[in-house]
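# okay, predicted coordinates and the sequence, questions at the end:
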2 protein chains.
Amino acid sequence: MITNMKHIKNELEQKGIKPTYQRLCILEYLHAHLVHPTVEMIYDKLVERVPTMSKTTVYNTLKLLSEKGVINEITITGTEVRYDINCQSHHHFLCKKCGKIYDVDVTCPFANMDHKEISGHEIQEIHGYFKGICKECLTNQNNE
Amino acid sequence: MITNMKHIKNELEQKGIKPTYQRLCILEYLHAHLVHPTVEMIYDKLVERVPTMSKTTVYNTLKLLSEKGVINEITITGTEVRYDINCQSHHHFLCKKCGKIYDVDVTCPFANMDHKEISGHEIQEIHGYFKGICKECLTNQNNE
DNA sequence: ATTAAATTTGTAATGATTACAAATATGAAA
DNA sequence: TTTCATATTTGTAATCATTACAAATTTAAT
Ligand SMILES: [Mn+2]
Ligand SMILES: [Mn+2]
Ligand SMILES: [Zn+2]
Ligand SMILES: [Zn+2]
């Protein structure tokens, strides 16, 4: 397991973020749960171990990590932000039935575009995602 | 102008939607304002002409039109849904500064994929967008 | 030990969206 | 035209994610 506390601590320090206990817990959670969790999911789980954990701290920390480029915000459901520890530009699949978000392994188009502008607009981020019914939900449908 | 009231009425009837006055107004607005407006923008403008217009009706109608495939919901800002009269799969540019959403003219990758699945997931929609600073905001920056 | 700054916490406020029920409009049957 | 069922609209209240804010706590330097 690469994602032990020491590595997490290093990761924060390298980005100039003071490695408080709450921040370590939150970042560790993201390393261990690659399902693009919500604030709610993160908080509900961590508050079991750390009963003093505040939801505001989860929000604050995720915003900080996002600003520092440690994590990425994914806004494709329209109802809540999902968080991704994987900061390399990659694409996603959102299941309309169960709400799960999967990484998909397609070579990101435009990723190696030499010009970082389009129609005069300066491109800073490239996002792509599919919507549909996920593998798991398809299987469940057939077993009904 | 193709987007007169008669055409709008036809459009609704063809989709099996009763063309009420409110629905006509809302759909006409979307035809006339191709900037991917919010519910707020639509309501604020229409209530001037139709003072009895309710915001709930705007929500209801947009949901109906979306379900019937007349319009598309765009969820890329994370804070509110934007609406698009253009239902053909196309890509967008979101300006981080002014919040405007532009259509961008790139040939949608994956669009002509023969297989409508990826990693076992059934693909129903393909979305792509860029984030950055729009042409207009770049110009304003230079004139400060 | 003192003290200032950073962090965390709890609560209140905000803002978009939805739920819901009353009011109104529509349209067919009598 | 009246009657009556149904669809639509409207206003208000509720919900839910997120943010604002200030008090409490922790941290680190003096
Ligand atoms: Mn991902
Ligand atoms: Mn568009
Ligand atoms: Zn699923
Ligand atoms: Zn702009």
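Perfect, thanks for sending it. Ligands and ions are numbered 1, 2, ... in the order given.
# and chain A, which of its residues are near DNA strand D?
Residues of chain A lying near DNA strand D by C-beta under 7 Å from any atom of the strand: A:18, A:20-21, A:38-40, A:55-56, A:59, A:63, A:79-81. Heads up, the C-betas are built off the backbone N, CA and C, glycines and all.
# of the residues you listed, which is the nearest to ligand 2?
A:T79 (20.9 Å; C-beta to the ion).
# from A:H127, how far off is the spatially most central residue of chain A?
Chain A has A:D84 as the residue nearest its centroid, 1.3 Å off, counting by C-alpha atoms, centre = their mean. Distance of A:D84 to A:H127, given as C-beta to C-beta, to the nearest Å: 11 Å.
# one more: A:I17?
Counting by C-beta to C-beta - A:I17 and A:H127 are separated by 25 Å.
# who has more neighbours out of those two?
Taking other C-beta atoms under 10 Å in any protein chain shown, A:I17 and A:H127 do not tie; A:H127 has more neighbours (22 against 17).
# which residues sit in contact with the closest residue to that one other than its chain neighbours?
Distances taken as C-beta to C-beta, 6 or more residues apart in numbering or on different chains place B:Y129 nearest to A:H127, at 5.3 Å, with adjacent residues excluded. With contacts defined as C-beta atoms under 8 Å, 6 or more residues apart in numbering or on different chains, the neighbours of B:Y129 are A:H127, A:G128, B:I76, B:H91, B:H92, B:F93, B:L94.
# A:P19 now?
Counted by C-beta under 8 Å, 6+ apart, A:P19 has contacts A:I8, A:K9, A:L12, A:E13.
# show me which of those residues are buried.
Burial by neighbour count, judged by 16 or more other C-beta atoms under 10 Å in any protein chain shown, picks out A:I8, A:L12 from the contacts of A:P19.
# what is the nearest of the contacts of A:P19 to A:C134?
Within the contacts of A:P19, proximity to A:C134 (C-beta to C-beta) peaks at A:I8, which comes in at 29.5 Å.
# the closest one and A:Y29 touch, don't they?
No. Contact criterion C-beta atoms under 8 Å: A:I8 and A:Y29 do not qualify, at 9.9 Å.
# buried residues of the strand or helix carrying A:K63, list them for me.
Assigned by DSSP states H and E, A:K63 falls within helix A:55-67. Neighbour-count burial for helix A:55-67 flags A:T57, A:V58, A:T61, A:L62, A:L64, A:L65, A:S66 (criterion: 16+ other C-beta under 10 Å).
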